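Student: sequence first, then the predicted structure, then my questions.
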Amino acid sequence: MQHSILPDNHGPRGQAMADAVQSCVHCGFCLAACPTYSVLGEEMDSPRGRIYLMKTVLEGDLPAEDAQPYIDRCLGCMGCEPACPSGVPYGELLTSYRALQNETQSRPLIDSVTRRMIVETLPYPARFRAAARLGKLGKLVQGALPEQLGAMLGLLPDTLPAPIALPNVIPAKGERRARVALLTGCVQTVLAPDINKATVDVLSANGVEVVIPQGQGCCGSILSHIGEADRAMHLARHNLSAFPTDVDAIITNAAGCGSGMHEYGLLFKGQPEAQQATDFAHRVQDVSVFLADLGLREITTPQPERRVAYHDACHLAYAQGVIDPPRDLLEHIPNLTLLELDNGLCCGSAGTYNLEQPEIAAELGQLKAQSIIDTQADMVVMGNIGCFTQIETHLAQLGQALPVKHTVQVLAEAYREE
Ligand code: SF4
Ligand code: SF4
């Protein structure tokens, strides 16, 4: 797309934005892959429409406030990237544009309050745990609260699982085949600590020594994806220095974290740590990719018959292109039948989207839950904690409370039964 954007006027990520706009040929192949276009049917709620809006704002021909509702409604799911024959790096454009606008744009009061609650609590497990407990009281008056705050409370579980303490080093079982460092994450450690436990169990069972670096924290992805780049960098800097370099990989088991850490080069563009951040990003691997490359050890004991629906988390399948590895791992389990969904669109979770855009998120959540039910699966499996909460909620609302598990949890159970 021809443009008159002056990259130097738009900060360190200005060139990335101009290049992304330039590469779009306005063909529209991305429209069918876009969840908001499929739900709302508006050109400006499609990838092509949003690229045009961002271009026009960056050229100075449209006030940013006029484009903001359409950009805010973008899930950042990256469903449009693999659908684009021109290879437009939509994610780089969106993340950079949101960071730029976040410095200047104002929001309605309730949106600002919701945003503050997100940035001050979600990345910090202790604060999030305390907020979740307070939220139980808030549920008593949920119906009387503004929509977004009510949606936040609606996604909180009635009870939080007990924390699971993991040692600093988990030795490999049998011959050591690799050594990795694990990002334990933030929200996930509160809502589903068993995922980290399952991750180290499966890695260890497959001959991998796991280091859990002390001093690590939130990777910042949850903030960088909503345009809070400075806060995201502040968090990421801790991890740049907390993680060792003498490991074979930095492992994450949350798709949102993996996709955000792979974008560290863009996040730190123009910063003194840019090279260090890029090197760090190259060492990050989703646990499913690492295990599939390594090759799983055989599961020899009898396994129950089960029908498993696999849900592609957008930040794993589309943002990172990880489609086959989790399926290959699940198919390694005897007597497991893998089922595909007929709906590949985002489930509506998308980081904090279901908190900031609850109506669209709920519609997408219902569509996804129905497609899972249609497979007649015994359980649904995925690789992202954000999708867990969203899908559990909507399955329950449709009266089908199927077990929702992470790929590594299913694998850990299979190895434990040995
Ligand atoms: S498919 Fe790619 S090139 Fe075509 S309109 Fe969408 S983003 Fe632009
Ligand atoms: S990131 Fe998702 S919601 Fe946003 S334009 Fe692309 S496909 Fe649509």
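Tutor: Everything's here; your move. Numbers count the residues shown, from 1 in each chain. Ligands and ions are numbered 1, 2, ... in the order given.

Student: so which elements touch the helix or strand harbouring residue 113?
Tutor: Here residue 113 is covered by helix 109-121, with elements defined by DSSP states H and E. Helix 109-121 is packed against helix 125-138, helix 147-154, helix 353-356, with contacts defined by 3 or more CB pairs under 8 Å, 6 or more residues apart in numbering; DSSP states H and E. Glycine gets a C-beta too; all of them are placed from N, C-alpha and C.

Student: mean pLDDT for the ones you listed: which is lowest?
Tutor: Sorting the helices and strands packed on helix 109-121 by mean pLDDT places helix 147-154 lowest, at a mean of 63.

Student: so for the residue in the stretch 101-250 of the chain that ligand 2 sits nearest to, what's the pLDDT?
Tutor: Using CB to the nearest ligand atom, the single residue of the stretch 101-250 of the chain nearest to ligand 2 is residue 225, 10.3 Å away. The per-residue pLDDT reported for residue 225 equals 89.

Student: same thing with residue 349?
Tutor: With respect to pLDDT, residue 349 scores 87.

Student: and it, that's in a strand?
Tutor: No - counting by DSSP: H, G, I helix; E, B strand; the rest coil, residue 349 is not part of a strand but coil.

Student: which secondary structure element of the protein has the lowest mean pLDDT?
Tutor: helix 147-154 (a mean of 63; mean pLDDT, DSSP states H and E).

Student: who in the stretch 51-200 of the chain is up against ligand 2?
Tutor: Proximity of the stretch 51-200 of the chain to ligand 2 is confined to 74-80, 90 under the rule CB under 6 Å from any ligand atom.

Student: now with 5 Å, please.
Tutor: Selection of the stretch 51-200 of the chain residues close to ligand 2 by CB under 5 Å from any ligand atom yields 74-75, 77, 79-80.

Student: any of the residues you listed buried? List them.
Tutor: Buried by 16 or more other CB atoms under 10 Å: 74-75, 77, 79-80, out of those.

Student: okay, now residue 401: neighbour count?
Tutor: By other CB atoms under 10 Å, 10 other residues sit near residue 401.

Student: quick check: it touching residue 395?
Tutor: Yes - in this structure, residue 401 is within contact of residue 395 by CB atoms under 8 Å, at 5.9 Å.

Student: for the stretch 251-400 of the chain, give the residue positioned nearest to ligand 1.
Tutor: For the stretch 251-400 of the chain, CB to the nearest ligand atom, closest residue to ligand 1: residue 318, 13.2 Å.

Student: name the nearest residue to that residue, sequence neighbours excluded.
Tutor: Among residues not flanking residue 318 along the chain, residue 78 sits closest, at 3.9 Å (CB to CB, 6 or more residues apart in numbering).

Student: surely the one you found forms part of a strand?
Tutor: No - counting by three-state DSSP, residue 78 is not part of a strand but coil.

Student: which residues touch it?
Tutor: 90-91, 259, 314-315, 318-319 (CB atoms under 8 Å, 6 or more residues apart in numbering).

Student: which one of the residues you listed has the most neighbours?
Tutor: Greatest neighbour count in those, by other CB under 10 Å, goes to residue 315: 32 neighbours.

Student: who does the helix or strand hosting that one touch, helix- and strand-wise?
Tutor: Of the helices and strands defined by DSSP H and E, residue 315 is found in helix 314-317. Counting contacts by 3+ CB pairs under 8 Å, 6+ apart, helix 314-317 packs against helix 255-262.

Student: so for the helix or strand following the helix it packs on, what's the average pLDDT?
Tutor: Sequence order places helix 264-267 as the next helix or strand after helix 255-262, per DSSP H and E. For helix 264-267, mean pLDDT is 96.

Student: return helix 264-267 as CSV; C-alpha atoms alone will do.
Tutor: What follows is helix 264-267, C-alpha atoms only, in CSV (Å, rounded to 0.1, in the frame of the first residue of the first chain):
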residue,chain,number,x,y,z
TYR,A,264,11.5,-8.9,22.4
GLY,A,265,13.7,-7.6,19.5
LEU,A,266,10.8,-5.3,18.5
LEU,A,267,9.9,-4.4,22.0
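
Student: what is that helix packed up against?
Tutor: Checking 3+ CB pairs under 8 Å, 6+ apart, helix 264-267 ends up next to helix 90-102, helix 229-242, helix 274-283.

Student: how about 6 Å then?
Tutor: Applying 3 or more CB pairs under 6 Å, 6 or more residues apart in numbering; DSSP states H and E, one finds that helix 264-267 contacts helix 274-283.
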